[in-house]
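sequence and predicted structure are below.
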Amino acid sequence: MNPFSMTITAGPEHIDELGHVNNAVWVQWIQAIATAHWEAVAPPEHVAAHVWVVTRHEIDYRGNVVAGETVTAETWVPNPPKGARFDRHVRFLGEDGQVKVEAVTTWALIDRATGRLLRVTPAIAAPFMV
């Protein structure tokens, strides 16, 4: 596994009435790290021609994060794509090193010009494969 990572600090706008990061915010952060990973490793011509959309999220919430706490987000693609789709794994580690949230998300490749699903070619998948 060769994860892509970034850090995120929870702000007051991320906190719900229970005093911790809202579940919907975790979904936004999953989107943020997936997008950052794509933009960091894909060639510019792929970024310009394609966009990814989520078709499924499976999320396990294991701990809480409060305002001011930082998490390290990690994502990786463990297996080659299947047609237009692939699964991305994501986890968020707290400052204590504990997993706060884990997810497996399924993404589909879309042609920006036509809005149609595209098969993920080996050239598009290559930057994500270990």
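That came in fine, so what should we check first?

what packs against the biggest helix by length in the chain?
When the chain is parsed with DSSP state H, its longest helix is helix 23-41. Packing partners of helix 23-41 (3 or more Cβ pairs under 8 Å, 6 or more residues apart in numbering; DSSP states H and E): strand 4-9, strand 50-61, strand 70-76, strand 85-93, strand 99-111. Every C-beta, even on glycine, is put in place using the N, C-alpha and C of the backbone.

quick one, that helix and strand 85-93 angle?
Helix 23-41 and strand 85-93 are oriented at 110 degrees to each other (axes from the mean of the first three to the mean of the last three Cα atoms, to 10 degrees).

next, the angle from helix 23-41 to strand 50-61.
Using the same axes, to 10 degrees, helix 23-41 lies at 140 degrees relative to strand 50-61.

format the helices and strands packed on helix 23-41 as TSV; extra columns: distance to Ile124, mean neighbour count and mean pLDDT.
As requested, those are exported to TSV (distance: least, Cβ to Cβ, whole Å; neighbours: other Cβ atoms under 10 Å; pLDDT from 0 to 100):
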stretch	distance to Ile124	mean neighbour count	mean pLDDT
strand 4-9	16	14	98
strand 50-61	7	14	96
strand 70-76	16	19	97
strand 85-93	10	20	97
strand 99-111	7	18	97
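
how far off centre is the longest helix of the chain?
What separates the centre of helix 23-41 from the centre of its chain is 4 Å, taken as Cα atoms, centre = their mean, to the nearest Å.

over to stretch 86-105?
Centre-to-centre, stretch 86-105 and its host chain are 9 Å apart (Cα atoms, centre = their mean).

identify the residues contacting it?
Stretch 86-105 is contacted by residues 8, 26, 29-30, 33-34, 54, 56-65, 69-80, 106-107, 120, 125, 128 when judged by Cβ atoms under 8 Å, 6 or more residues apart in numbering.

swap in stretch 40-47?
Under Cβ under 8 Å, 6+ apart, the answer for stretch 40-47 is 4, 38-39, 123-124, 127-128.

nice, that's everything, thank you.
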